[in-house]
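Trainee: Need a 3D model of the sequence below.
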Amino acid sequence: MDVRYELIIGLPAEPILASLIDQLVIIFSNQSRADLLTELTYQQERTALQLVLAFSNGQVVGCKLGYERKPHHFYSWLGGVHPDFRGYGIASELMRRQHDWCRQQNYHTVRTQTYNQWRGMLILNLRVGFDIIGTLQGKHGLTIVLEKNL
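Mentor: Next comes the predicted model:
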């Protein structure tokens, strides 16, 4: 399988942005293209997004998006891999690249949140050293809050 990875700061230009949103709609089927674009744009206006993207045949097949939560603390916000490309280590590689970049930028901590329904991501987070530091009520149920020291 030929997968290429790219790190991008800020929202990418078309056609990469459209391919990214296509990917996010597949992963987060409860959100529309318009809602996702609104969320991405809003977050980009608050603080620069950092994206690690996986491409196959010119299309985004995996992504890991995040931003600075506060000085030296990074928030890993959205991510996932297209169902047809799962099981090939793409999510692990996206996370490895995101954390390597965070270390280079002098971030000390990465935080993320997930729902129990995304068990694959929860297991990967635990496997790479995240600790569960709490839970909170999210708009789609109980949210699991995880954090990792870099």
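Trainee: which ones are touching Arg111?
Mentor: 69, 73-76, 145-148 (C-beta atoms under 8 Å, 6 or more residues apart in numbering). To be clear about C-beta, it is placed using only N, CA and C from the backbone, and glycine gets the same treatment.
Trainee: cool, and Gly129?
Mentor: 148-149.
Trainee: likewise Thr114?
Mentor: For Thr114, the contact set (C-beta under 8 Å, 6+ apart) comprises 121-122, 125, 143-144, 146.
Trainee: Can I take it that it is in a strand?
Mentor: Yes - judged by DSSP: H, G, I helix; E, B strand; the rest coil, Thr114 forms part of a strand.
Trainee: and it, what pLDDT?
Mentor: Thr114 is assigned a predicted lDDT (pLDDT) of 91.
Trainee: ok, back up a step: just the buried ones from the contacts of Thr114?
Mentor: Among the contacts of Thr114, the ones that count as buried by 16 or more other C-beta atoms under 10 Å are 121-122, 125, 144, 146.
Trainee: Need those in TSV (columns: secondary structure).
Mentor: As requested, these are arranged in TSV below (three-state DSSP):
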residue	secondary structure
Met121	helix
Leu122	helix
Asn125	helix
Ile144	strand
Leu146	strand
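Trainee: Kindly reformat those as JSON lines containing distance to His82 and pLDDT.
Mentor: Formatted as JSON lines, the buried ones among the contacts of Thr114 follow (distance: C-beta to C-beta, whole Å; pLDDT from 0 to 100):
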{"residue": "Met121", "distance to His82": "14", "pLDDT": "90"}
{"residue": "Leu122", "distance to His82": "19", "pLDDT": "92"}
{"residue": "Asn125", "distance to His82": "19", "pLDDT": "95"}
{"residue": "Ile144", "distance to His82": "23", "pLDDT": "95"}
{"residue": "Leu146", "distance to His82": "23", "pLDDT": "98"}
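Trainee: sorry, back to before: mind checking which of the contacts of Arg111 land in strands?
Mentor: 69, 73-76, 145-148 (DSSP state E).
Trainee: Can you verify my assumption that Phe28 contacts Leu36?
Mentor: Yes - the pair Phe28 / Leu36 is scored as a contact, 7.2 Å apart, by C-beta atoms under 8 Å.
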